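K.L.:
give me the fold of what follows.
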Amino acid sequence: MRTETVAGRPRDRWTARAPLAALAAALLATGAQAQDARDPRIGLRAGWDDAGVAVRGMELVSHTNRPAGFFNPAERADFGFANTDMAFSGSRVYIGSYNGFQIYDISDPARPRLRGSLVCPGGQGDVSVHGNLLFLSVEETRGRLDCGAQGVQGAVSAERFRGVRIFDISNLDRPRQVASVQTCRGSHTHTLVPDPRDASRVYIYVQGTSGVRPAEELQGCSARNSTEDPNTSYFRIEVIEVPLARPQAARVVNAPRIFANAQTGAINGLNQGGRQGPNAQETAQTNQCHDITVYPEIGLAAGACAGNGILLDISNPANPVRIDEVVDPNFAYWHSATFNNDGSKVLFTDEWGGGSAPRCRATDRPEWGADAIFTLNNRELRQVGYYKLPAAQTEQENCVAHNGSLIPVPGRDIMVQSWYQGGISIFDFTDPAKPVELAFFDRGPYSTTQPVLGGFWSSYWYNGHIYGTEIGRGLDVFRLVPGPMLTQNEIDAAKTVRWSEFNPQNQRRVTWPASFVVARAYVDQLTRSRGLSGTRSIRVARDLDAAERLTGARRRTALTTLATQLDADAQSSGDAAKVRMLAGVVRDLAAGRR
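P.N.:
Prediction:
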């Protein structure tokens with residue numbers, strides 16, 4: 001493999017034990033991201049196994065090719081076998097695909113081990129997990145109730161399945177389908193929603209984006225226009241209730257009209273599609289959601305719904321209610337959403353071109369096929385900024401904003417995100433008006449002569465590593481490496497956050513343990529932002545080091561004294577909120593809280 005690597009500074013320069021004066025000077029000198037005159041992602045060599053690579057701020061830990069049954073040996077680019085989304089549980093990652101799902105043991109991220117798989121064709125195959133249950137989205141008409149690969153013939157068939165499959169995965173060697181809940185438009189994606197008042201059940205929000213099946217195949221389905229049929233299968237989502245003790249009893253319990261006009265009651269009450277003005281995008285009609293991201297701890301969900309971004313109240317998870325909606329003339333198709341940790345921002349993505357087109361060319365507008373960043377205050381969304389992959393891609397590379405997640409660095413809003421053949425980009429949107437890229441990984445195109453659909457579908461942070469599903473090549477695992485805009489202390493602080501499960505459209509509030517590395521991460525940030533003077537930040541770092549070497553009452557006294565001093569520092573700091581965060585961690589350390 002030909003690798004083109006942008007070398008950073010020696011890693012140990014950025015560790016907690018690096019010379020403090022050198023560290024402070026380097027951080028103070030870096031007020032903004034350094035930009036190369038020529039981005040190394042431009043002009044990478046094409047190829048399947050020997051494509052050129054550009055990387056900065058992260059390292060490839062391992063790569064695992066797709067296993068047998070999940071690629072076509074006669075045509076590697078066959079999209080009917082493509083890798084799609086991921087979910088995590090314990091030391092396992094579950095990878096969906098158009099041909100079923102794979103299960104890898106990631107106890108050692110450097111050596112992922114295939115633990116199980118199930119061939120079960122039917123479309124996008126997005127997955128989520130909860131305990132011993134796995135949920136799989138199915139939307140294509142070839143999907144069968146019995147997971148058979150032979151497909152289904154005819155426009156109407158009792159053998160066809162489109163909806164959400166539920167598997168018992170307590171025996172990884174023999175995943176067992178225990179329920180199959182049919183829906184009128186199938187399931188392009190789905191969202192796992194816990195019930196905060198009843199742990200014995202979960203809900204599944206079903207996002208169907210394809211055509212409506214005949215009523216002869218599933219009773220109650222209607223493809224008629226909303227003005228002709230108030231019971232049309234468009235302009236709604238489905239809600240499935242799953243009793244965890246009896247998943248075979250899962251059923252659709254609601255089909256809320258979340259796009260209705262609050263004044264008139266018309267179910268087609270949001271964006272009707274088309275252009276909203278000159279130089280605007282051709283926008284999709286809002287008759288579906290692509291993704292709905294729930295944040296149960298704040299009682300809200302953000303829906304990326306074709307022609308609109310919407311905000312939902314999910315305090316009653318069986319009956320989500322729309323409370324705000326936004327439009328953007330630069331968005332063609334609202335695709336996915338991510339809250340920041342404190343729920344004060346929502347980032348929406350635009351899948352301009354449907355993910356199959358080159359939309360990161362030098363000639364493409366930077367607001368198109370990008371992320372739009374909104375602030376969220378009093379349950380209202382207000383647009384503030386955009387982020388788009390800063391490296392132009394070729395005509396042969398499908399590229400647009402796609403799936404990602406937060407990286408839990410305390411005190412910052414940092415996201416890792418896939419851009420199909422644009423690779424992976426990590427960026428900071430703490431200042432939503434001025435997001436800045438911190439790191440990236442990119443391979444050259446599959447081909448220089450023809451478009452080949454591929455690249456990274458999803459990239460997520462999970463328990464200290466970044467996992468990326470590469471559509472045609474397999475599974476990649478990365479780790480972050482430090483630099484002037486992301487120090488080793490900040491990376492190590494992120495690693496203190498551990499999940500037992502991770503589902504991409506289900507966000508949980510991150511809390512950090514009271515630890516010295518979290519405190520040092522805040523010191524690094526205050527040094528970088530000049531929230532503390534250079535000499536003061538060096539002194540605080542030395543006081544933390546000294547306190548860590550102490551024990552018992554002497555440690556408590558030293559930390560209590562430092563916290564009091566930091567309270568005083570906050571009075572004159574340009575970043576008083578961050579100084580108070582640091583003081584809070586120091587005070588928790590003094591009290592022995594972990």
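K.L.:
tell me if I am right that Tyr94 is in a strand.
P.N.:
Yes. With DSSP: H, G, I helix; E, B strand; the rest coil as the criterion, Tyr94 is located in a strand.
K.L.:
what about it, how many neighbours?
P.N.:
Tyr94 sits with 24 neighbouring residues when counted by other Cβ atoms under 10 Å. All C-beta atoms are positioned from the backbone trio N, CA, C, and that covers glycine.
K.L.:
who's in contact with Ala337?
P.N.:
Listed by Cβ atoms under 8 Å, 6 or more residues apart in numbering, the contact partners of Ala337 are Asp291, Ile292, Thr293, Ala302, Gly303, Ala304, Gly309, Val346, Leu347, Phe348, Thr349.
K.L.:
now it: which helix or strand?
P.N.:
strand 334-339 (DSSP states H and E).
K.L.:
starting at the chain centroid, how far to that strand?
P.N.:
A distance of 8 Å separates the C-alpha centroid of strand 334-339 from that of its chain, computed with Cα atoms, centre = their mean, to the nearest Å.
K.L.:
could you find the closest non-adjacent residue to Ala392?
P.N.:
Sequence neighbours aside, Ala362 is the residue nearest to Ala392 in space, at 4.0 Å (criterion: Cβ to Cβ, 6 or more residues apart in numbering).
K.L.:
that neighbour reaches Pro390, doesn't it?
P.N.:
No. Counting by Cβ atoms under 8 Å, Pro390 is not a contact partner of Ala362; they are 11.1 Å apart.
K.L.:
higher neighbour count, the two?
P.N.:
Per other Cβ under 10 Å, whichever of Ala362 and Pro390 has more neighbours is Pro390, with 17 against 9.
K.L.:
nearest residue to the more buried one in space, please, no chain neighbours.
P.N.:
Leaving out its chain neighbours, the residue that sits closest to Pro390 by Cβ to Cβ, 6+ apart is Glu437, at 5.7 Å.
K.L.:
and that neighbour, what are its bridge partners?
P.N.:
Phe427 (DSSP bridges).
K.L.:
surely Ala439 is in a helix?
P.N.:
No. The assignment for Ala439 by three-state DSSP gives strand, which leaves it out of any helix.
K.L.:
how far away is the nearest residue to it once chain neighbours are set aside from Ala51?
P.N.:
With sequence-adjacent residues excluded and distances taken as Cβ to Cβ, 6+ apart, Ala439 is closest to Gly57, at 2.6 Å. Applying Cβ to Cβ, to the nearest Å, one obtains 20 Å for the distance of Gly57 from Ala51.
K.L.:
equivalent analysis for Gly423, please.
P.N.:
Here the distance between Gly423 and Ala51 works out to 11 Å (Cβ to Cβ).
K.L.:
what of Thr363?
P.N.:
Thr363 sits 23 Å away from Ala51, taking Cβ to Cβ as the criterion.
K.L.:
kindly report the same for Gly353.
P.N.:
Separation of Gly353 from Ala51 (Cβ to Cβ): 22 Å.
K.L.:
just Glu490 next, same as before
P.N.:
According to Cβ to Cβ, Glu490 stands 30 Å off from Ala51.
K.L.:
out of Gly423 and Ala51, which sits in the more crowded spot?
P.N.:
Gly423 (29 against 20).
K.L.:
the more buried one against Asp442, yeah?
P.N.:
Yes. With contact defined as Cβ under 8 Å, Gly423 and Asp442 form a contacting pair (3.1 Å).
K.L.:
list residues touching both of the two?
P.N.:
A shared contact of Gly423 and Asp442, defined by Cβ under 8 Å, 6+ apart, is any residue touching both; here these are Arg41, Ala54.
K.L.:
stretch 521-528: how far from the chain's middle?
P.N.:
The gap between the average C-alpha position of stretch 521-528 and the chain average comes to 26 Å, counting by Cα atoms, centre = their mean.
K.L.:
and the closest residue in space to Ala590 that isn't next to it in sequence, how many neighbours?
P.N.:
Using Cβ to Cβ, 6+ apart and skipping the chain neighbours, the partner closest in space to Ala590 is Leu559 (3.7 Å). Other residues within reach of Leu559, judged by other Cβ under 10 Å, total 25.
K.L.:
kindly report the same for Gly100.
P.N.:
Other residues near Gly100 come to 22 when the count uses other Cβ under 10 Å.
K.L.:
so in terms of bridging, what pairs with it?
P.N.:
For Gly100, the beta-bridge partners under DSSP bridges are Ser97, Val119.
K.L.:
and for Leu136?
P.N.:
Each beta-bridge partner of Leu136 is listed here, defined by DSSP bridges: Val127, Arg165.
K.L.:
so it sits right up against Gly123, yeah?
P.N.:
No. The pair Leu136 / Gly123 is not scored as a contact, 9.7 Å apart, by Cβ under 8 Å.
K.L.:
tell me where the stretch 1-150 of the chain is predicted with low confidence.
P.N.:
Along the stretch 1-150 of the chain, the model assigns pLDDT under 70 to residues 1-37.
K.L.:
in it, which spans are strands?
P.N.:
Chain-ordered strands for the stretch 1-150 of the chain, with DSSP state E, counting those that start in this stretch as the definition, fall at 3-5, 53-56, 58-65, 83-89, 92-97, 100-105, 113-119, 127-130, 133-138.
K.L.:
redo those strands as a markdown table? Include distance to Pro73.
P.N.:
Compiled in a markdown table, the strands of the stretch 1-150 of the chain are given as follows (distance: least, Cβ to Cβ, whole Å):
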| stretch | distance to Pro73 |
| --- | --- |
| strand 3-5 | 27 |
| strand 53-56 | 25 |
| strand 58-65 | 12 |
| strand 83-89 | 16 |
| strand 92-97 | 16 |
| strand 100-105 | 17 |
| strand 113-119 | 14 |
| strand 127-130 | 24 |
| strand 133-138 | 24 |
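K.L.:
of those strands, which approaches Thr496 most closely?
P.N.:
Closest to Thr496 of those is strand 83-89 (Cβ to Cβ; 17.3 Å).
K.L.:
residues touching Ala514, list them.
P.N.:
Contacts here follow Cβ under 8 Å, 6+ apart; on that basis Ala514 touches Val585, Asp588, Leu589, Arg593, Arg594.
K.L.:
mind listing what the fourth one touches?
P.N.:
Applying Cβ under 8 Å, 6+ apart, one finds that Arg593 lies in contact with Ala514.
K.L.:
quick one: it from Leu544, how far?
P.N.:
Here Arg593 is placed at a distance of 16 Å from Leu544 (Cβ to Cβ).
K.L.:
remind me, longest helix of this protein?
P.N.:
When the chain is scanned for its longest helix (criterion: DSSP state H), the result is helix 552-570.
K.L.:
who are the packing partners of that helix?
P.N.:
Judged by 3 or more Cβ pairs under 8 Å, 6 or more residues apart in numbering; DSSP states H and E, helix 552-570 is in contact with helix 534-549, helix 576-590.
K.L.:
repeat that for 10 Å
P.N.:
The contact analysis (3 or more Cβ pairs under 10 Å, 6 or more residues apart in numbering; DSSP states H and E) places helix 552-570 against helix 516-529, helix 534-549, helix 576-590.
K.L.:
hang on, the earlier thing: what is in contact with Leu136 and Gly123 at once?
P.N.:
With contacts taken as Cβ atoms under 10 Å, 6 or more residues apart in numbering, the residues that reach both Leu136 and Gly123 are Gly96, Gly143, Ser187.
K.L.:
torsion angles phi and psi at the residue nearest to Ile414 when sequence neighbours are not counted?
P.N.:
Leaving aside its chain neighbours, Ile414 sits nearest to Ile407 (4.5 Å; criterion: Cβ to Cβ, 6+ apart). With angles defined as degrees, to the nearest 10, Ile407 shows backbone torsions of phi -100, psi 120.
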